[in-house]
Every structure is written in C-alpha cells, then in structure tokens.
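Enquirer: Got a sequence here, can you build the structure:
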Amino acid sequence: MLLAKQIELQNRLARRDDLEVQVSPDEFDARLQLVDREFQSGLLHQTALDLREVRAALVRIEDDSYGVCAECDEPISPARLQVIPWANYCVKCQEQIEVEKQMEDLDERSQELVSSE
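Expert: Residues are numbered from 1 along each chain as shown. Below you'll find the model as predicted:
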C-alpha cells in the first residue's frame, strides 16, 4: 500500500501544469488565476509533505519501528494503520499533537494582534 501511495504522490508532484503563470488582461480573470495558483501551490505543498511521511513509513518498516507510536512507544492500532498506513503516532498522541499545534497557532495569532495594536 505504501509503495503504491508513494508512486501516486510522485506522479502528482510531477504534474505541475496548474501552476503555470498565465497573463490575463482582464483584472477579474487575473485574480481568479492567482487564487487558483495559490490553491494549487498549497496542494503541491501538502502532496510533498504526504510523500515525506510515506517515505518515512517505508524507512520505519526497514528498521522495524513501523506500527509503533513515535511518542509513547505503544503499538499503533491495526485499524489506524489500515486507514493511514504512514501514521507515525497512535490516535491518542496524534490528538495531543494537534491540540498543541492549535494552541501554538492561537498563541501566534494573539501575539500578532497585540503587535499590530
């Protein structure tokens, strides 16, 4: 499954036609093209991150750490690995990481607000 996902992501990264810069004399069309390019750029970035995670999972298979949570060293449930074969964390630790990231993002936004006042 991981090898198939790796090939899919590599193929997706190879197709970058949507990022082609087109010049439009119409301001509205130019803005739409800019928004579309930014969206496609975000997808490309996420695809690259996903590919990195898939490759890391393949390395974990080689070093016999696949299926073990990188945070708590507990086994990752087979059901989770079935859905997300490149998972590096058990559900509990993944949820904790996401909560911490949300808190960091909130803190950054509040600091930006204070700085702009």
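Enquirer: Specify the local secondary structure of the residue lying closest to Ala30 once chain neighbours are set aside.
Expert: Using CB to CB, 6 or more residues apart in numbering and skipping the chain neighbours, the partner closest in space to Ala30 is Ser24 (4.5 Å). Using the backbone N, CA and C atoms, a C-beta is placed for each residue, glycine as well. Here Ser24 is recorded as coil under DSSP: H, G, I helix; E, B strand; the rest coil.
Enquirer: I figured Ser24 hits Gln33, correct?
Expert: Yes. Judged on CB atoms under 8 Å, Ser24 makes contact with Gln33 at a distance of 6.1 Å.
Enquirer: neighbour-wise, which of these two wins?
Expert: Taking other CB atoms under 10 Å, Ser24 and Gln33 do not tie; Gln33 has more neighbours (16 against 12).
Enquirer: Can you give me the pLDDT of that one?
Expert: If you check Gln33, the pLDDT there is 81.
Enquirer: what helix or strand is it on?
Expert: Per DSSP states H and E, Gln33 falls inside helix 27-62.
Enquirer: Same question for that helix: list its buried residues.
Expert: Buried residues in helix 27-62, counted by 16 or more other CB atoms under 10 Å: Gln33, Leu44, Thr47, Asp50, Leu51, Glu53, Val54, Ala57, Leu58, Arg60.
Enquirer: which of the residues you listed lies closest to Met103?
Expert: Comparing the buried residues of helix 27-62 against Met103 with CB to CB picks out Glu53 as the nearest, at 22.5 Å.
Enquirer: How about that closest one, nearest residue that isn't a chain neighbour?
Expert: Trp86 (4.5 Å).
Enquirer: Next, the contact list for that neighbour, please.
Expert: Trp86 makes contacts with Leu2, Lys5, Asp50, Glu53, Val54, Ala56, Ala57, as judged by CB atoms under 8 Å, 6 or more residues apart in numbering.
Enquirer: Only the buried residues of the helix or strand harbouring Asn11, if you could.
Expert: Using DSSP H and E, Asn11 sits within helix 2-14. Residues Leu2, Lys5, Gln6, Leu9, Arg12 are the ones in helix 2-14 that count as buried (16+ other CB under 10 Å).
Enquirer: Thank you kindly, that will do.
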